[in-house]
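K.L.:
Let me see the structure of the following:
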Amino acid sequence: MSIDLQKYTAPTSAKTKKESKDGSFWDFMNRDIQLFGNQWNAKKKAGFYTEMELLLKAGLDLNAALDLIQESQKKEKERKLIEQLHQGIISGLSLSDAMEVSGKFSDYEVFSIRIAEESGQLPPVLKELAHYFELNMRFQRLLISALSYPILVISVAFIALAFLLNFLVPLFGEIYTRLNQDLPSVTKTIIAFSNWSTQYLPLMGGLLLVLIGLLFWQRKTLWFRKYSAWVMLYIPVFGALIHQLFLSRFCQALSFLIDSKVPLLKAISLTKKMIRFYPIEAALAFAEIELYKGVSLHQTLGQFSIFPRRMIALLKVGEEANQLDTIFKKLADQYQEQVEQQTKLISSLIEPVLIVFLALVVGIVLVSMYLPIFKLVTNFGL
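P.N.:
Here you go, the predicted model:
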C-alpha cells in the first residue's frame, strides 16, 4: 500500500517521556538480534527503521509516522505490533518504552532509541539501526551462500552413496555369488561395506536422530555453546570466515553504540547480549568486570585469543586518542570486506572440488562393481 504524506501535518506537540523500569528491562529483553518465532527478523526491522527515519525527516510526528506504517503492513501480526507501538505513544509512553513493552525488540534497539530520544537525534539513530540490520542480513546471505552449496553437494553424495550401497551393490553381489567368480579386492571391500551398511543403517539412522535430538535439547547449555563455537572456528576453510563474521558484527555494534554516546561499560553489556557466540560473550563478560575495576579495554580483550593482535593494537591507539568509535567502524568495514572476498573465493574454489568429490564417490562404487564383468569378458575372449 502506498503512503500518502499529504493527509498528515507536521508535529505540533512535544514528546512525552516516561522513565523506564530497569527491573524488568534486562529480563525479557535479553534476546539475540537474529530474531525467530513470533519476533521480527532483520529484514522487517531494517524496513521499519528506514520508513520511520524517512517519515520523521519529512516532518511527521511519531503518531502520524506509526499510523502510516501500520496502514502499509500486509500481515495482521505486523499491523498489530505497529498498532501496539502506536497505542503506547498515545498513552504517553516514549517510543523506546513502547518498544520495550511490546517484547519484540532487543535491548540493543530499545537502549539506542532511548539515547536518541534523550539527545534529540532520533532520525539519525533510526538510520543507523536500519543500516545495522541491513548489514546483518548481508552477513547472513554471505554465510548462507558460502555454506549452502557444499552442504547440498555433500548431502547428494551421501544420498547417492546410500542408494548405491543398499540397492545397486547387493544386486551385483548376488550375480557374482551365483557366478562363483574370484572378485577384485576393491569389489570385495565395497560388497562387504554394503552388507554392513544394509544391516546397521536403520540403527545408525536411529542413533543419529537421537544424537541430533540431544544436541538440540542441549543447545542452550554452556558446554554445548562452548564446544560448538570451538568446532565452528576450526572447520577447515569456513572457520576463518565464521570468525571474521562475528568480529565484524562485534565491531559494528560497538561502533554504533559508542558513536551514540553510550558509556563504554553499557555498550559492552549490550553487545554481549546481542552476540550469541560463546568466545566473544565470555570475553565481554570478563571485560565488564575489568572495566569496572579501571582496566583498559585493550588490556582486557588482549587476554583472549578470539581477538586478533592487530585489533588489540588498534584498540589501544583508539583508547589513547579517544577514538574508539572510529577504530571500531574501520575494523568493522575491514572485516566485512574480508568476509565478502573470502566468500567469493570459497564459492569459486569449492564448486569444482565438490564436483570432483561427488564424481569420485560414485565412480569408485560403480567401477568396483563393473571390474569383475570386465575381467570375465577378458577371460572369455582369451
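
K.L.:
contacts and neighbour counts: CA atoms only from here.
P.N.:
Noted.

K.L.:
Could you report the neighbour count for the nearest residue to residue 362 once chain neighbours are set aside?
P.N.:
Counting by Cα to Cα, 6 or more residues apart in numbering, residue 362 lies nearest to residue 161, which is 6.7 Å off, once chain neighbours are set aside. Residues within reach of residue 161, counting by other Cα atoms under 10 Å, total 18.

K.L.:
Any chance of the backbone angles for residue 161?
P.N.:
With angles defined as degrees, to the nearest 10, residue 161 sits at phi -60, psi -40.

K.L.:
What is the helix or strand hosting residue 215 packed up against?
P.N.:
Element membership of residue 215 [criterion: DSSP states H and E] is helix 185-217. The contact analysis (3 or more Cα pairs under 8 Å, 6 or more residues apart in numbering; DSSP states H and E) places helix 185-217 against helix 169-179, helix 324-381.

K.L.:
nearest to residue 87, of the ones you listed?
P.N.:
helix 324-381 (35.6 Å; Cα to Cα).

K.L.:
Report the angle between that closest one and helix 169-179.
P.N.:
Put simply, helix 324-381 runs at 20 degrees to helix 169-179, going by axes from the mean of the first three to the mean of the last three Cα atoms, to 10 degrees.

K.L.:
Helix 324-381 versus helix 185-217: what angle between them?
P.N.:
Orientation check (the same axes, to 10 degrees): helix 324-381 against helix 185-217 gives 150 degrees.

K.L.:
Residue 112 and residue 230, how far apart?
P.N.:
Distance of residue 112 to residue 230, given as Cα to Cα, to the nearest Å: 31 Å.

K.L.:
and those two? which has more neighbours close in?
P.N.:
Neighbour count, other Cα under 10 Å: between residue 112 and residue 230, residue 112 has more, with 24 against 15.

K.L.:
Is the more buried one in a helix, a strand, or coil?
P.N.:
Classification of residue 112 by DSSP: H, G, I helix; E, B strand; the rest coil places it in helix.

K.L.:
what do you get for residue 104?
P.N.:
coil.

K.L.:
Can you name the residues that contact residue 333?
P.N.:
Counting by Cα atoms under 8 Å, 6 or more residues apart in numbering, residue 333 touches residue 248.

K.L.:
quick one: it from residue 134, how far?
P.N.:
14 Å.

K.L.:
helix or strand for the residue lying closest to residue 105 once chain neighbours are set aside, which one?
P.N.:
With Cα to Cα, 6+ apart as the criterion, residue 105 has its nearest non-adjacent residue at 6.2 Å, and that residue is residue 99. Element membership of residue 99, judged by DSSP H and E, is helix 95-102.

K.L.:
That helix packs against which elements?
P.N.:
helix 76-90, helix 107-119.

K.L.:
Let me have those in CSV, extended by mean pLDDT and distance to residue 375.
P.N.:
Converted to CSV, the helices and strands packed on helix 95-102 look like this (pLDDT from 0 to 100; distance: least, Cα to Cα, whole Å):
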stretch, mean pLDDT, distance to residue 375
helix 76-90, 87, 68
helix 107-119, 81, 70
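
K.L.:
deepest of the ones you listed, which one?
P.N.:
helix 107-119 (a mean of 20; mean count of other Cα atoms under 10 Å).

K.L.:
Tell me which other helices or strands that helix touches.
P.N.:
By 3+ Cα pairs under 8 Å, 6+ apart, helix 107-119 packs against helix 95-102, helix 122-163, helix 264-274.

K.L.:
Go again with 6 Å.
P.N.:
helix 95-102 (3 or more Cα pairs under 6 Å, 6 or more residues apart in numbering; DSSP states H and E).

K.L.:
mind listing what's buried in the helix it packs on?
P.N.:
Within helix 95-102, the residues that qualify as buried by neighbour count (16 or more other Cα atoms under 10 Å) are 95, 96, 97, 98, 99, 100, 101.

K.L.:
Contacts for the helix holding residue 99, please.
P.N.:
Applying Cα atoms under 6 Å, 6 or more residues apart in numbering, the external contacts of helix 95-102 come out as 85, 88, 110, 113, 114.

K.L.:
could you dump it to CSV, C-alpha only?
P.N.:
The C-alpha coordinates for helix 95-102 follow below in CSV (Å, rounded to 0.1, in the frame of the first residue of the first chain):
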residue,chain,number,x,y,z
LEU,A,95,8.9,5.1,21.6
SER,A,96,11.6,3.2,23.4
ASP,A,97,9.3,2.4,26.3
ALA,A,98,6.6,1.2,23.9
MET,A,99,9.1,-1.0,22.1
GLU,A,100,10.2,-2.4,25.4
VAL,A,101,6.7,-3.2,26.5
SER,A,102,6.0,-5.0,23.1
